[in-house]
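In: Quick one, what's the 3D model for this:
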Amino acid sequence: MHKWNLDVLYKSIEDSQYLADRKTLLAKIEQLNELAASLEVADIETVKQILVLKNDQAALVRKLGAFLSLSDSVDSSNNEVKSHLGQLMQDLSKGTEASATINNFLASIENLSELVADEYIKEHEFYLQEIIDGKQYQLSAKEESLISKINLNGVNNWEDLYDYLTSTYTMDYAGGKISLTEVRNLAYSDDQAVRKAAYEAEIAGYAGIEDSLAYSLNSIKGHVNTMVELRGYEDAIDMTLIASRMSRTTLDALFAAIDDVLPKYREFLQHKGKLLGHENGIPFYDLFAPLVKSDTEYSIEVAEKMVLDSFKTFSPGLHDLVKRSFDDAWIDYLPRAGKRGGAFCSNLPMIKQSRIMHNYGYDLGSVVTLAHELGHAYHGHMIEDHHMLNTRYVMPIAETASNFCELILSEAALKTASRNEKIELLENMISDATQVIVDIYSRFLFEKSVIENRKDKFLSAADLKALMISAQEQTYGNGLDKDYLHPYMWACKGHYYSAGLNFYNFPYAYGALFSKGLYAKYLEEGDSFVAKYDNMLMNTTVLSSEAIGDLAGVNVREKEFWASSLAMITDMIDEFIELTSQGI
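Out: The predicted structure is shown next:
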């Protein structure tokens, strides 16, 4: 069937265990409410009691929320599931004020060095220190509770509107109707006429929902600006960097290195454009065009074998975890009506598993995506023995293991590739890198400009399109044909539509380049690196982004590290251009 199995969570929303856990959650919320009302002294017994209760509640929330959100992701038309998601949020709102009271109480701890004499509290030292450090951005308990309740029927609904519209909307194509996911997948067709027609249909099709999406994006980013001001952050980037356990020095070093190599990516795009018959840069509709596409159809069974064989060369632990994911139906592979586009992995540490949603297309790119998401699953495996409060890794680190696993698969495939297969693999790897370096940079610049402009005015769909074009021109430059840009990239990327997760763009660049630096370390150190890598992943939930780099032996604060990682890709570009200089 190639669908995931969620029975280990719950069989349905009528499942007796699901209903029992909903009741237990309410009881836990009430316990925390009572505890919040009785707080006096932050001694070992009280802090330990708080941590135990919060861990218990977090496990229940993750389990219930995962079941509902995973169910919704593959069937957006199930209104009953949506209703239960709403009810869960309502239930959680009953404990918001108490949660804020408890966090304010923990933030006031002045003797943490004494409290960590208790082993259980010691295991939560990083978690507690983050709360203490974040005290300056915390509002009063009543204010936090009010914001949470307002969000339920405010910004949360704007987020839901985006998901609903983009998963259910259809547009005209070739005399029929086609979903947004389907029309975007045609960008990978081996027929240029199909790619161009799909691009034109996509651009025209957004007219039916552009105003609704513009209202959604304005409401979400307006909310973000309000939160920045209320909490006292320097700006939205500052808020994101603090949440990412990352310094602006590191972000600046990353983008400084990227700025230096943009001309090389433009050279690649111009070269690819010429191979496809274009003289003024590559049009957006040919950005993902396969130059050499093998006739091989990569069945799901073939994909799984490729992944297992390549992962086994790295470590038995990675191989075994992935085999378990295949054997136990962790993956929902195929697209269908009502299913979200794209792919993601949801770690479920409370049951020591993960679930992966895919929209498999039987091509090599789909195999690489499978390897990518399984990297997330392996990351989840490495942190599953932490307490629930210690299972959150931040955005920049989130894409590390996934990109590392992509490299393992791709490098293994390159070793046995024929000339045409090598061209295909290199082009795929460089195109993917172009997306996470050049396109991600354009998305960062776009989001930054939207948030800044939203302070003073409402941004119409026309305004948003103009900002997107400007961002693409700044990053892609003459690599893209200026007559065929993509003014609606803000309408098809869900990362913009989260009030609590801003700038989910630069983490992809960070993860891609950080993983390349780690892979270079692996090539240098061999099998001895595996234990270091696993230890690094295990600690990603309890260290800053910079300290995680230190643990792996790299300095992410310095432009030189990022430049060395980028050089691995520019070498690929040179090899690809040389390999195809006489055509394909």
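In: where does the stretch 251-400 of the chain dip in pLDDT?
Out: Counting by pLDDT under 70, the stretch 251-400 of the chain shows low-confidence ranges at 294.
In: All the helices of it, residue numbers only.
Out: 300-312, 316-327, 364-383, 395-398, 400-415 (DSSP state H, counting those that start in this stretch).
In: Could you do the stretch 401-550 of the chain as well?
Out: With helices called from DSSP H, counting those that start in this stretch, the stretch 401-550 of the chain shows them at 419-434, 440-454, 461-476, 506-525, 528-538, 545-552.
In: which helix of this structure spans the most residues?
Out: Secondary structure of the chain per DSSP state H: the longest helix is helix 44-74.
In: in the stretch 51-200 of the chain, which spans are strands?
Out: Taking DSSP state E, counting those that start in this stretch, the strands of the stretch 51-200 of the chain run over residues 170-173, 176-179.
In: Which of those strands has the highest mean neighbour count?
Out: Mean neighbours per residue, mean count of other CB atoms under 10 Å, is largest over the strands of the stretch 51-200 of the chain for strand 170-173, with a mean of 17. In this view, the C-beta of every residue, glycine as well, is placed from N, C-alpha and C.
In: So which of the helices of the stretch 401-550 of the chain is nearest residue 94?
Out: Nearest of these to residue 94, taken as CB to CB: helix 440-454 at 31.5 Å.
In: Average pLDDT for that closest one, rounded please.
Out: For helix 440-454, mean pLDDT rounds to 98.
In: Show me what that helix is packed up against.
Out: Under the contact criterion of 3 or more CB pairs under 8 Å, 6 or more residues apart in numbering; DSSP states H and E, helix 440-454 touches helix 210-231, helix 236-243, helix 248-275, helix 461-476, helix 506-525.
In: how near is residue 569 to residue 444?
Out: 18 Å (CB to CB, to the nearest Å).
In: cool, and residue 425?
Out: 28 Å.
In: follow-up on the earlier one: could you check the longest helix of the chain and say which residues are buried?
Out: In terms of neighbour count (16 or more other CB atoms under 10 Å), helix 44-74 has its buried residues at 46-48, 50-51, 53-64, 66-68, 70-74.
In: Sketch out the low-pLDDT regions of the protein for me.
Out: Looking at the chain by pLDDT under 70, you get 1, 294.
In: and it, what are its domains?
Out: Listed by automatic domain parsing, the domain ranges of the chain are 16-153, 209-291+418-579, 300-394.
In: Looking at those, which is nearest to residue 181?
Out: Once these are compared by CB to CB, domain 300-394 is nearest, at 3.5 Å.
In: how long is the closest one end to end?
Out: 31 Å (CA to CA, to the nearest Å).
In: go on, stretch 269-282?
Out: End-to-end distance for stretch 269-282: 6 Å, by CA to CA.
In: 10 is where my numbering starts, stick with that
Out: Understood, numbering begins at 10; the last thing we discussed is stretch 278-291.
In: That one: which residues count as buried?
Out: Quick answer for stretch 278-291 (16+ other CB under 10 Å): 278-282, 284, 287, 290-291.
In: still on that earlier bit, make TSV out of the domains of the chain and add distance to residue 419.
Out: TSV is the format used below for these (distance: least, CB to CB, whole Å):
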stretch	distance to residue 419
domain 25-162	27
domain 218-300+427-588	5
domain 309-403	7
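In: number of nearby residues for the residue nearest to residue 207 when sequence neighbours are not counted?
Out: What sits nearest to residue 207 in space, not counting adjacent residues and going by CB to CB, 6 or more residues apart in numbering, is residue 195, at 3.5 Å. A total of 21 residues lie near residue 195 under the criterion other CB atoms under 10 Å.
In: Farthest pair within the buried residues of stretch 278-291?
Out: Going by CB to CB, the pair spanning those furthest: 284 and 290, at 12.6 Å.
In: Export the helices of the stretch 410-559 of the chain to CSV and append columns for mean neighbour count.
Out: Converted to CSV, those look like this (neighbours: other CB atoms under 10 Å):
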stretch, mean neighbour count
helix 428-443, 20
helix 449-463, 21
helix 470-485, 20
helix 515-534, 21
helix 537-547, 17
helix 554-561, 19
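In: Using JSON lines, lay out those helices together with distance to residue 588.
Out: Below are the helices of the stretch 410-559 of the chain laid out as JSON lines (distance: least, CB to CB, whole Å):
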{"stretch": "helix 428-443", "distance to residue 588": "6"}
{"stretch": "helix 449-463", "distance to residue 588": "26"}
{"stretch": "helix 470-485", "distance to residue 588": "23"}
{"stretch": "helix 515-534", "distance to residue 588": "21"}
{"stretch": "helix 537-547", "distance to residue 588": "30"}
{"stretch": "helix 554-561", "distance to residue 588": "32"}
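In: And those helices: which comes nearest residue 320?
Out: helix 537-547 (11.7 Å).
In: Show me what the closest one is packed against.
Out: helix 373-392, helix 409-424, helix 515-534, helix 554-561.
In: Next, format those as TSV and append distance to residue 199.
Out: TSV is the format used below for those (distance: least, CB to CB, whole Å):
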stretch	distance to residue 199
helix 373-392	12
helix 409-424	19
helix 515-534	26
helix 554-561	40
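In: Of all those helices, which one comes closest to residue 568?
Out: The closest of the helices and strands packed on helix 537-547 to residue 568 is helix 515-534. By CB to CB, the value is 11.4 Å.
In: angle of that closest one against helix 449-463?
Out: Inter-element angle recorded for helix 515-534 and helix 449-463: 150 degrees (by axes from the mean of the first three to the mean of the last three CA atoms, to 10 degrees).
In: Now helix 515-534 - C-alpha only, PDB.
Out: Extracted in PDB, the C-alpha atoms of helix 515-534 (Å, rounded to 0.1, in the frame of the first residue of the first chain):
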ATOM      1  CA  PHE A 515      18.600  30.200   5.900                       C
ATOM      2  CA  PRO A 516      18.600  26.900   8.000                       C
ATOM      3  CA  TYR A 517      18.500  25.000   4.700                       C
ATOM      4  CA  ALA A 518      21.600  26.800   3.500                       C
ATOM      5  CA  TYR A 519      23.200  26.300   7.000                       C
ATOM      6  CA  GLY A 520      22.300  22.600   7.000                       C
ATOM      7  CA  ALA A 521      23.500  21.900   3.500                       C
ATOM      8  CA  LEU A 522      26.800  23.600   4.000                       C
ATOM      9  CA  PHE A 523      27.300  22.400   7.600                       C
ATOM     10  CA  SER A 524      26.700  18.800   6.500                       C
ATOM     11  CA  LYS A 525      29.200  19.200   3.700                       C
ATOM     12  CA  GLY A 526      31.800  20.400   6.200                       C
ATOM     13  CA  LEU A 527      31.000  17.300   8.300                       C
ATOM     14  CA  TYR A 528      31.200  15.000   5.300                       C
ATOM     15  CA  ALA A 529      34.700  16.400   4.500                       C
ATOM     16  CA  LYS A 530      35.600  15.500   8.100                       C
ATOM     17  CA  TYR A 531      34.300  12.000   7.600                       C
ATOM     18  CA  LEU A 532      36.400  11.600   4.400                       C
ATOM     19  CA  GLU A 533      39.400  12.800   6.300                       C
ATOM     20  CA  GLU A 534      38.900  10.800   9.500                       C
END
